[in-house]
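Chemist: Here's my sequence, what's the structure:
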Amino acid sequence: MSDKVILLVEDNPDDEALTLRALKKNNILNEVVVAHDGEEALEYLFGTGKYEGRDTSIQPQVILLDLQLPKINGLEVLKRLRADKRTMLQPVVILTTSSEEMDVIASYENGANSYTRKPVDFNQFIEAVKQLGLYWLVLNEAPVKRGGEGEVEYDGVAAGSPC
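Modeler: Below is the predicted model:
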(Lines give C-alpha, C1' and ligand atoms only; values in the text may rest on other atoms or scores of the structure.)
Protein backbone atom coordinates (compact mmCIF):
# COMPACT_ATOMS: atom_id res chain seq x y z
CA MET A 1 0.00 0.00 0.00
CA SER A 2 2.90 2.40 0.66
CA ASP A 3 3.78 2.77 -3.05
CA LYS A 4 0.54 4.62 -3.75
CA VAL A 5 0.85 8.40 -3.44
CA ILE A 6 -1.85 10.51 -1.79
CA LEU A 7 -2.28 14.14 -2.84
CA LEU A 8 -3.62 16.21 0.04
CA VAL A 9 -4.86 19.63 -1.06
CA GLU A 10 -5.26 21.61 2.15
CA ASP A 11 -4.50 25.25 2.99
CA ASN A 12 -5.17 25.09 6.74
CA PRO A 13 -1.95 24.07 8.58
CA ASP A 14 -3.93 22.61 11.50
CA ASP A 15 -6.09 20.45 9.20
CA GLU A 16 -2.99 19.39 7.26
CA ALA A 17 -1.23 18.31 10.47
CA LEU A 18 -4.38 16.58 11.71
CA THR A 19 -4.79 14.65 8.45
CA LEU A 20 -1.13 13.59 8.36
CA ARG A 21 -1.34 12.52 12.02
CA ALA A 22 -4.53 10.55 11.37
CA LEU A 23 -2.93 8.78 8.39
CA LYS A 24 0.13 7.87 10.47
CA LYS A 25 -2.00 6.75 13.44
CA ASN A 26 -3.85 4.39 11.07
CA ASN A 27 -0.55 2.99 9.70
CA ILE A 28 -1.21 4.48 6.28
CA LEU A 29 2.43 4.98 5.36
CA ASN A 30 1.94 6.13 1.78
CA GLU A 31 3.87 9.12 0.54
CA VAL A 32 1.68 12.19 0.98
CA VAL A 33 2.25 15.18 -1.28
CA VAL A 34 0.69 18.33 0.16
CA ALA A 35 -0.49 21.19 -2.03
CA HIS A 36 -1.48 24.31 -0.10
CA ASP A 37 -3.78 25.82 -2.72
CA GLY A 38 -5.60 24.85 -5.88
CA GLU A 39 -2.96 26.28 -8.17
CA GLU A 40 -0.22 24.19 -6.55
CA ALA A 41 -2.39 21.06 -6.84
CA LEU A 42 -2.86 21.61 -10.58
CA GLU A 43 0.85 22.31 -11.04
CA TYR A 44 1.67 19.02 -9.32
CA LEU A 45 -0.86 17.00 -11.32
CA PHE A 46 0.09 18.49 -14.70
CA GLY A 47 3.83 18.92 -14.08
CA THR A 48 3.92 22.70 -14.46
CA GLY A 49 5.20 25.62 -12.36
CA LYS A 50 7.33 24.45 -9.45
CA TYR A 51 6.66 20.84 -10.53
CA GLU A 52 7.95 21.38 -14.08
CA GLY A 53 9.60 18.17 -15.24
CA ARG A 54 7.79 15.91 -12.74
CA ASP A 55 6.96 12.50 -14.19
CA THR A 56 3.22 12.96 -14.67
CA SER A 57 2.76 9.32 -15.64
CA ILE A 58 2.92 8.70 -11.87
CA GLN A 59 -0.29 10.10 -10.45
CA PRO A 60 -1.77 9.89 -6.95
CA GLN A 61 -3.93 6.93 -6.06
CA VAL A 62 -6.38 9.40 -4.54
CA ILE A 63 -6.69 13.18 -4.14
CA LEU A 64 -8.05 14.49 -0.84
CA LEU A 65 -9.36 17.90 -1.88
CA ASP A 66 -10.57 20.72 0.35
CA LEU A 67 -13.12 23.11 -1.18
CA GLN A 68 -12.16 26.42 0.43
CA LEU A 69 -8.72 27.03 -1.08
CA PRO A 70 -6.79 30.16 -2.00
CA LYS A 71 -5.93 31.06 -5.62
CA ILE A 72 -8.13 28.34 -7.21
CA ASN A 73 -10.96 26.82 -5.15
CA GLY A 74 -11.54 23.08 -4.86
CA LEU A 75 -14.53 22.98 -7.21
CA GLU A 76 -12.52 24.70 -9.95
CA VAL A 77 -9.66 22.23 -9.41
CA LEU A 78 -12.16 19.38 -9.75
CA LYS A 79 -13.62 20.87 -12.96
CA ARG A 80 -10.15 21.18 -14.50
CA LEU A 81 -9.26 17.60 -13.56
CA ARG A 82 -12.42 16.24 -15.13
CA ALA A 83 -11.94 18.35 -18.28
CA ASP A 84 -8.48 16.93 -19.02
CA LYS A 85 -8.18 13.41 -20.46
CA ARG A 86 -5.00 12.79 -18.42
CA THR A 87 -6.83 13.23 -15.10
CA MET A 88 -10.49 12.73 -15.91
CA LEU A 89 -10.65 9.37 -14.08
CA GLN A 90 -8.46 10.40 -11.13
CA PRO A 91 -10.19 9.45 -7.83
CA VAL A 92 -11.08 12.64 -5.93
CA VAL A 93 -12.44 12.71 -2.39
CA ILE A 94 -13.73 16.04 -1.19
CA LEU A 95 -12.51 16.39 2.40
CA THR A 96 -13.99 19.57 3.83
CA THR A 97 -15.65 21.19 6.81
CA SER A 98 -18.49 22.47 4.63
CA SER A 99 -21.91 21.08 5.44
CA GLU A 100 -23.61 23.18 2.78
CA GLU A 101 -25.92 21.05 0.63
CA MET A 102 -25.00 23.14 -2.44
CA ASP A 103 -21.31 22.19 -1.96
CA VAL A 104 -22.23 18.50 -1.83
CA ILE A 105 -24.34 18.79 -4.98
CA ALA A 106 -21.75 20.88 -6.87
CA SER A 107 -19.00 18.43 -5.92
CA TYR A 108 -20.87 15.44 -7.30
CA GLU A 109 -22.06 17.37 -10.37
CA ASN A 110 -18.42 18.13 -11.16
CA GLY A 111 -17.27 14.53 -10.81
CA ALA A 112 -16.22 14.01 -7.18
CA ASN A 113 -15.99 10.34 -6.24
CA SER A 114 -16.82 10.99 -2.60
CA TYR A 115 -17.74 13.83 -0.24
CA THR A 116 -16.56 13.56 3.36
CA ARG A 117 -17.05 16.15 6.06
CA LYS A 118 -14.14 16.59 8.45
CA PRO A 119 -15.38 15.62 11.90
CA VAL A 120 -14.57 18.11 14.66
CA ASP A 121 -13.67 15.36 17.15
CA PHE A 122 -10.14 14.00 16.62
CA ASN A 123 -11.10 10.37 17.32
CA GLN A 124 -13.91 10.58 14.78
CA PHE A 125 -11.50 12.17 12.31
CA ILE A 126 -8.99 9.34 12.83
CA GLU A 127 -11.74 6.81 12.11
CA ALA A 128 -12.89 8.73 9.01
CA VAL A 129 -9.32 8.80 7.64
CA LYS A 130 -8.94 5.08 8.42
CA GLN A 131 -12.05 4.30 6.39
CA LEU A 132 -10.93 6.55 3.51
CA GLY A 133 -7.52 4.89 3.47
CA LEU A 134 -8.96 1.40 3.61
CA TYR A 135 -11.33 2.04 0.74
CA TRP A 136 -9.28 4.24 -1.62
CA LEU A 137 -5.88 2.65 -1.08
CA VAL A 138 -6.76 -1.00 -0.54
CA LEU A 139 -10.24 -1.91 -1.78
CA ASN A 140 -10.83 0.46 -4.69
CA GLU A 141 -9.77 -0.80 -8.12
CA ALA A 142 -8.32 2.16 -9.98
CA PRO A 143 -8.00 1.99 -13.76
CA VAL A 144 -4.60 0.83 -14.97
CA LYS A 145 -3.19 3.53 -17.20
CA ARG A 146 -1.93 2.31 -20.56
CA GLY A 147 -1.05 4.10 -23.78
CA GLY A 148 1.67 6.40 -24.98
CA GLU A 149 2.46 10.09 -24.60
CA GLY A 150 -0.68 12.18 -25.06
CA GLU A 151 -2.80 9.04 -25.32
CA VAL A 152 -4.76 7.81 -22.34
CA GLU A 153 -6.17 4.32 -22.34
CA TYR A 154 -7.45 2.38 -19.36
CA ASP A 155 -7.44 -1.42 -19.63
CA GLY A 156 -8.01 -1.28 -23.37
CA VAL A 157 -10.69 1.42 -23.30
CA ALA A 158 -9.69 4.87 -24.54
CA ALA A 159 -10.60 7.58 -22.05
CA GLY A 160 -13.85 9.19 -23.05
CA SER A 161 -14.96 6.19 -25.12
CA PRO A 162 -18.22 4.43 -24.33
CA CYS A 163 -17.57 1.11 -22.56
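Chemist: least trustworthy helix or strand in the chain by mean pLDDT?
Modeler: Every helix and strand in the chain was compared by mean pLDDT, DSSP states H and E; the lowest is strand 157-158, with a mean of 42.
Chemist: How much space separates residue 134 from residue 45?
Modeler: 24 Å (Cβ to Cβ, to the nearest Å). For the C-beta atoms, the positions are set from N, CA and C on the backbone; glycine is no exception.
Chemist: what about those two, which has more around it?
Modeler: Between residue 134 and residue 45, residue 45 has the larger neighbour count (other Cβ atoms under 10 Å), namely 25 against 14.
Chemist: Flag every buried residue along the helix or strand hosting the more buried one.
Modeler: Assessed by DSSP states H and E, residue 45 sits inside helix 38-46. By 16 or more other Cβ atoms under 10 Å, the buried positions in helix 38-46 come out as 38, 39, 40, 41, 42, 43, 44, 45, 46.
Chemist: Closest one to residue 81 out of these, please.
Modeler: Closest approach to residue 81 among these (Cβ to Cβ): residue 45, at 7.0 Å.
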